[in-house]
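Enquirer: no sequence on hand, only this structure:
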Ligand SMILES: C[C@](O)(CO)[C@H](O)COP(=O)(O)OP(=O)(O)OC[C@H]1O[C@@H](n2ccc(N)nc2=O)[C@H](O)[C@@H]1O
Ligand SMILES: Nc1ncnc2c1ncn2[C@@H]1O[C@H](COP(=O)(O)OP(=O)(O)OP(=O)(O)O)[C@@H](O)[C@H]1O
């Protein structure tokens, strides 16, 4: 038997850090949503007790460092599954981009294996398992649009934002999430974005207010360390994107655009600046 799952990329419409916790993680308040850029994951049952990962992408680990491998191992251990699985990852989401590519693959693996092995695991339990793999995984299990609190695992689903185009651009640098959180001075954040403002924009279906409400406190760290991310933001705004923000810990910057007529110009303008550019829609 074979099952397929799509693993979409996430963006953070707002990301606030409240304080650093005793366990080393940061208490966050975020609004996350998904975009129509997705990895495709194929899972095929194997009679032998083994997990095999393959991918067309040459630049991700295929051993136990792969988050899809970790998801499969976790489900096998917890539910005492003796069969093995062959997992093929058709990667479309850029790696280490701030778009939760690995987390979404892990979440899709949890959903897919639940079906493949007919385990009947309820969604909240899949999310609890996901939290053991990474802070973004519980959100990726269900997707949609949600407020995330705690270290990212406490989720409150909300209405989708007004439909628009999303231009994603990733400069060719590697940013470590742990490093960015590690360098954040949580007690000295200059400007906290507001959940209420984004929620109000969504409730009123006001694209302009949504663009005004975008904010990510991790930008303070990443933009100082990597001036090319700041330049990319400025470039996107100059080209006419109506709201521009870094996603997660970066380095991907996204621009929200309401009118299709503007998309090609912004896309082409950015292609002169960096290679990894995508024009997609929100997944609403
Ligand atoms: C930046 C975001 O992607 C925004 O959605 C997430 O907050 C991070 O999610 P993630 O990559 O799944 O993060 P994890 O794999 O759980 O953690 C990576 C590292 O980031 C730091 N980390 C992560 C989440 C959090 N709330 N506080 C943290 O301080 C920790 O040092 C942790 O060791
Ligand atoms: N299935 C996977 N796909 C991509 N990267 C993976 C995968 N499994 C493990 N990794 C490793 O995880 C690291 C982070 O990759 P990923 O694409 O998940 O980052 P990210 O988009 O910044 O995540 P986040 O937004 O959750 O912080 C990379 O160094 C990569 O080698």
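Expert: On my side now, so go ahead. Keep in mind that this is a model prediction, so the values were computed, not measured. Ligands and ions are numbered 1, 2, ... in the order given.

Enquirer: what about the closest residue to residue 250 other than its chain neighbours, is that helix, strand or coil?
Expert: Take residue 250 and drop its neighbours on the chain: the residue closest to it by CB to CB, 6 or more residues apart in numbering is residue 222, 4.1 Å away. Every residue, glycine included, has its C-beta placed from N, CA and C. Following DSSP: H, G, I helix; E, B strand; the rest coil, residue 222 is assigned to helix.

Enquirer: what's the spacing between residue 222 and residue 229?
Expert: Separation of residue 222 from residue 229 (CB to CB, to the nearest Å) stands at 6 Å.

Enquirer: spit out the residues that contact the two alike.
Expert: 246, 250-251 (CB atoms under 8 Å, 6 or more residues apart in numbering).

Enquirer: can you tell if stretch 140-153 touches ligand 2?
Expert: No - if you take CB under 6 Å from any ligand atom as the test, stretch 140-153 misses ligand 2, and the best it gets is 8.5 Å.

Enquirer: quick one: buried residues of that stretch?
Expert: Neighbour counts over stretch 140-153 (16 or more other CB atoms under 10 Å) mark 140-143, 145-149, 151-153 as buried.

Enquirer: and ligand 1, which of those residues contact it?
Expert: Within the buried residues of stretch 140-153, those near ligand 1 by CB under 6 Å from any ligand atom are 151-152.

Enquirer: which one of the buried residues of stretch 140-153 is nearest to ligand 1?
Expert: Proximity to ligand 1 was ranked across those by CB to the nearest ligand atom; first place goes to residue 151, at 3.6 Å.

Enquirer: just give the nearest non-adjacent residue to that closest one, would you?
Expert: residue 25 (4.2 Å).

Enquirer: hang on, the earlier thing: which of the shared contacts of residue 222 and residue 229 fall within strands?
Expert: Judged by DSSP state E, strands contain the following of the shared contacts of residue 222 and residue 229: residue 246.

Enquirer: in ChimeraX, how would I select the buried members of the shared contacts of residue 222 and residue 229?
Expert: Listed next is the ChimeraX selection for buried residues among the shared contacts of residue 222 and residue 229, using 16+ other CB under 10 Å:
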select :246,250,251
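
Enquirer: what about the helices in the stretch 101-250 of the chain?
Expert: Along the stretch 101-250 of the chain, counting by DSSP state H, counting those that start in this stretch, helices occupy 101-116, 123-131, 137-142, 177-183, 195-203, 207-213, 219-225, 227-239.

Enquirer: so does the last one get close to ligand 2?
Expert: Meaning helix 227-239. No - using CB under 6 Å from any ligand atom, we find that helix 227-239 stays clear of ligand 2, coming within 13.1 Å at best.

Enquirer: would you mark the buried spots in that helix?
Expert: By 16+ other CB under 10 Å, the buried positions in helix 227-239 come out as 228-229, 232-233, 235-236, 239.

Enquirer: can I get those residues in TSV with pLDDT?
Expert: Shown next, in TSV, are these (pLDDT from 0 to 100):
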residue	pLDDT
228	96
229	97
232	97
233	97
235	97
236	98
239	97
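
Enquirer: closest to ligand 1 among the residues you listed?
Expert: residue 229 (14.1 Å).

Enquirer: surely that closest one meets residue 249?
Expert: No - shown here, residue 229 and residue 249 do not form a contact pair, counting by CB atoms under 8 Å, at 10.6 Å.

Enquirer: re the thing from before, ok, how many other residues are close to the residue nearest to residue 151?
Expert: Residue 25 has 14 neighbouring residues, counting by other CB atoms under 10 Å.

Enquirer: hang on, it packs against residue 135?
Expert: Yes - Residue 25 is within contact range of residue 135, at 7.2 Å (criterion: CB under 8 Å).

Enquirer: what do these two both touch?
Expert: Joint contacts of residue 25 and residue 135 (CB under 8 Å, 6+ apart) are residue 151.

Enquirer: up against ligand 2, what does the stretch 1-150 of the chain have?
Expert: So the stretch 1-150 of the chain meets ligand 2 at 60-61, 65-68, 89, 95-103, 105, 136 (CB under 6 Å from any ligand atom).
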